[in-house]
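K.L.:
model the following, please.
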Amino acid sequence: MSRHTKIVATLGPASSDLPTLERLVHAGVDVVRLNFSHGKAEDHIARANQIREAAQLVGRPVGILADMQGPKIRVGKFEEGKITLTKDAAFILDAALTTPGNLHRVGLDYKDLPRDVKPGDVLLLDDGRLKLSVDRVLGHEIHTRVKVGGELSNNKGINRQGGGLTAPALTAKDMDDIKTAALIGVDFVAISFPKGAADMYMARQLLRAAGSSALLIAKIERTEAVANLEEILDASDGIMVARGDLAVEVGDATVPALQKRMIRLARERNKLAITATQMMESMIHSPVPTRAEVSDVANAVLDGTDAVMLSAETASGKFPVEVVESMSRICLEAEKSAEVTMDRDFLDRIFTRIDQSIAMAAMWTAYHLKVKAIASLTQTGSTALWMSRLNSGVPIYALTPEISSRNQMTLYREVYPLLMSQVHADRDVLLWEAEQILLEQGVVNYGDLIVLTIGEPIGASGGTNTMKIVRVGDTPKPGPV
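P.N.:
Residues are numbered from 1 along each chain as shown. Modelled structure (predicted):
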């Protein structure tokens with residue numbers, strides 16, 4: 001329980017059997033990602049069941065994130081599976097083509113692309129590896145000239161440099177997949193390519209209508225999303241810094257500063273932040289990361305991200321367990337040098353709720369008293385979330401009777417969720433039991449100072465209204481209740 005930053009690992013062919021899942025959980029995976037761009041509903045259901053079994057066998061909570069595919073802005077298939085485009089060659093993107101493509105033209109999954117582009121626009125294919133300049137648009141045909149050539153294979157993605165594609169964030173497939181995600185009982189749902197708050201409000205309505213209370217994560221990967229970042233944050237529970245498509249649209253040199261800004265804004269607004277894409281990509285084939293990848297992960301940790309995410313590294317790579325172990329080591333080392341700025345962080349904060357005020361008071365007290373741990377008895381996890389937005393250097397143990405709340409807190413930085421029955425209505429009994437759980441977990445010793453928070457009436461959401469400072473072992477065991 002010493003690592004503050006959480007690790008999200010994508011499941012795939014390399015990581016879907018129970019023994020591998022057990023090893024991944026042992027290695028430190030906190031949340032698994034089900035990529036709904038691949039596989040059928042029954043595949044995702046089976047993987048969710050397996051990860052829950054693995055988590056139970058290991059004895060660690062693991063959250064489940066369902067990542068929606070979003071609009072398919074891609075080229076179609078080719079007769080030979082791929083072609084090689086040369087510089088200055090003419091090439092047609094044909095929205096009406098129903099047969100496999102060739103060296104001269106290819107079809108489109110996104111049929112509205114001819115309406116979204118005009119002469120002079122630049123289209124980037126395969127994560128920007130190929131570049132086409134639009135010469136003219138004739139009906140359903142986009143006539144282009146190759147500016148940067150290379151190999152182009154089936155179903156590669158298309159971006160318009162600078163953004164501006166009108167494809168809706170939620171497709172018919174996404175709407176069906178949200179129902180599947182609700183059926184699975186996932187803890188988080190990530191929405192691909194949202195442009196503004198309206199996309200996230202619609203996703204939340206669909207999610208709640210399907211009976212899910214999952215937290216909603218907005219993937220920031222469009223130019224428009226960057227411009228609307230604050231409204232998207234307000235409409236979401238967190239964001240994913242999806243650096244792949246984002247870099248293609250806004251330019252790769254822009255991404256590092258954007259990453260820092262996004263994480264900072266998320267923390268200021270009490271939202272979650274996941275940093276993703278190519279974090280340890282060389283480990284798809286190599287047992288060790290590059291030095292640049294080590295620095296990339298460490299910098300995300302120092303930026304204050306809640307989680308760092310692995311994609312193909314664990315989904316299809318040769319070393320899924322080793323990459324998690326490496327990422328965990330990097331996070332731990334980076335956290336040792338993370339600056340604690342508790343006093344400065346409090347200067348511009350205004351607390352309007354009692355439970356939030358208690359959370360902040362607990363953080364202030366824990367930091368200045370140098371206590372061993374904070375124990376937050378929480379129903380929904382809100383108190384623990386507020387605490388985790390500030391870096392006090394003190395671990396936060398969130399004790400909850402709700403399995404859903406425990407699983408959602410697996411993504412909160414510096415929060416370690418634990419189940420607690422909370423069958424008693426007596427505050428002193430619950431506080432004593434919380435102290436015993438921390439002793440059993442081995443995270444505190446007799447004589448350590450800890451800060452406890454709880455709410456009355458017991459069991460009411462949003463009711464945290466009490467903070468108590470205790471020395472472990474000084475509290476006598478309450479009598480029968």
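
K.L.:
beta partners of the closest residue to Leu369 other than its chain neighbours?
P.N.:
Nearest residue to Leu369, sequence neighbours excluded (C-beta to C-beta, 6 or more residues apart in numbering): Leu449, at 6.1 Å. Where C-beta positions appear, they are placed from N, C-alpha and C, glycine not excepted. Beta bridges link Leu449 to Arg471, judged by DSSP bridges.

K.L.:
tally of neighbours for Leu449?
P.N.:
Leu449 sits with 17 neighbouring residues when counted by other C-beta atoms under 10 Å.

K.L.:
can you pull the contacts of it?
P.N.:
369-372, 469-472 (C-beta atoms under 8 Å, 6 or more residues apart in numbering).

K.L.:
how about Ile330?
P.N.:
Per C-beta under 8 Å, 6+ apart, neighbours of Ile330: 289, 294, 297-298, 301.

K.L.:
what secondary structure does it sit in?
P.N.:
helix (DSSP: H, G, I helix; E, B strand; the rest coil).

K.L.:
please, which helix or strand holds the residue lying closest to it once chain neighbours are set aside?
P.N.:
The shortest distance from Ile330 to any non-neighbouring residue, by C-beta to C-beta, 6+ apart, is to Val297 (4.6 Å). Secondary structure from DSSP states H and E places Val297 in helix 291-303.

K.L.:
got the buried residues for that helix?
P.N.:
293-294, 296-298, 300-303 (16 or more other C-beta atoms under 10 Å).

K.L.:
return the helix or strand in the protein with minimum mean pLDDT.
P.N.:
helix 342-346 (a mean of 62; mean pLDDT, DSSP states H and E).

K.L.:
who are the neighbours of whatever helix or strand comes next after it, in terms of helices and strands?
P.N.:
Tracing the chain past helix 342-346, the next element assigned as helix or strand by DSSP H and E is helix 354-369. If contacts are counted by 3 or more C-beta pairs under 8 Å, 6 or more residues apart in numbering; DSSP states H and E, helix 354-369 sits against helix 342-346, strand 373-377, helix 382-388, strand 449-455, strand 464-471.

K.L.:
roughly how far out does stretch 227-236 sit from the chain middle?
P.N.:
Centroid displacement of stretch 227-236 relative to its chain, using C-alpha atoms, centre = their mean, to the nearest Å, is 16 Å.

K.L.:
cool, and stretch 245-259?
P.N.:
The mean C-alpha position of stretch 245-259 is separated from the chain mean by 18 Å, C-alpha atoms, centre = their mean.

K.L.:
what's stretch 402-414 in contact with?
P.N.:
With C-beta under 8 Å, 6+ apart as the criterion, stretch 402-414 contacts 4-6, 8, 30-31, 61-65, 187-188, 213-215, 238, 272, 274, 304-307, 378-381, 384-385, 387-388, 391, 395-396, 398, 400, 415, 417-419.

K.L.:
pick out the residue nearest the middle of this protein.
P.N.:
With distances taken as C-alpha atoms, centre = their mean, Ile274 lies nearest the centre of the chain, 3.9 Å away.

K.L.:
strands paired with the helix or strand containing that one, and their directions?
P.N.:
Secondary structure from DSSP H and E places Ile274 in strand 272-276. Strand pairing for strand 272-276, using DSSP bridges, gives strand 238-242 (parallel), strand 307-310 (parallel).

K.L.:
distance to Gln356, mean neighbour count and mean pLDDT for those - can I get that in CSV?
P.N.:
Compiled in CSV, these are given as follows (distance: least, C-beta to C-beta, whole Å; neighbours: other C-beta atoms under 10 Å; pLDDT from 0 to 100):
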stretch, distance to Gln356, mean neighbour count, mean pLDDT
strand 238-242, 18, 26, 97
strand 307-310, 23, 27, 98
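
K.L.:
hang on, the earlier thing: can I have the buried ones of the contacts of Leu449 as a PyMOL selection?
P.N.:
To isolate the buried members of the contacts of Leu449 in PyMOL, using 16+ other C-beta under 10 Å:
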select buried, resi 371+372+470+472
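
K.L.:
got a markdown table for the contacts of Leu449, with distance to Gln161 and pLDDT too?
P.N.:
Putting these into a markdown table (distance: C-beta to C-beta, whole Å; pLDDT from 0 to 100) gives the following:
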| residue | distance to Gln161 | pLDDT |
| --- | --- | --- |
| Leu369 | 53 | 91 |
| Lys370 | 51 | 88 |
| Val371 | 52 | 93 |
| Lys372 | 52 | 94 |
| Ile469 | 56 | 94 |
| Val470 | 59 | 92 |
| Arg471 | 61 | 94 |
| Val472 | 59 | 93 |
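
K.L.:
in a markdown table, list the contacts of Leu449 along with distance to Ala90.
P.N.:
A markdown table is the format used below for the contacts of Leu449 (distance: C-beta to C-beta, whole Å):
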| residue | distance to Ala90 |
| --- | --- |
| Leu369 | 71 |
| Lys370 | 69 |
| Val371 | 69 |
| Lys372 | 69 |
| Ile469 | 74 |
| Val470 | 76 |
| Arg471 | 78 |
| Val472 | 75 |
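
K.L.:
just for the stretch 201-350 of the chain, where's the confidence low?
P.N.:
For the stretch 201-350 of the chain, the stretches with pLDDT under 70 are 341-349.

K.L.:
got phi/psi on Glu433?
P.N.:
Note on Glu433: backbone dihedrals following degrees, to the nearest 10 are phi -70, psi -40.

K.L.:
residue ranges of each domain in the protein, please.
P.N.:
Using automatic domain parsing, the domain parsing of the chain gives 6-70+168-336, 82-160, 342-471.

K.L.:
let me have those domains in TSV, extended by distance to Pro478.
P.N.:
Compiled in TSV, those are given as follows (distance: least, C-beta to C-beta, whole Å):
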stretch	distance to Pro478
domain 6-70+168-336	28
domain 82-160	60
domain 342-471	5
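
K.L.:
which among the ones you listed is found nearest to Gly76?
P.N.:
Closest approach to Gly76 among these is made by domain 82-160 (3.3 Å; C-beta to C-beta).
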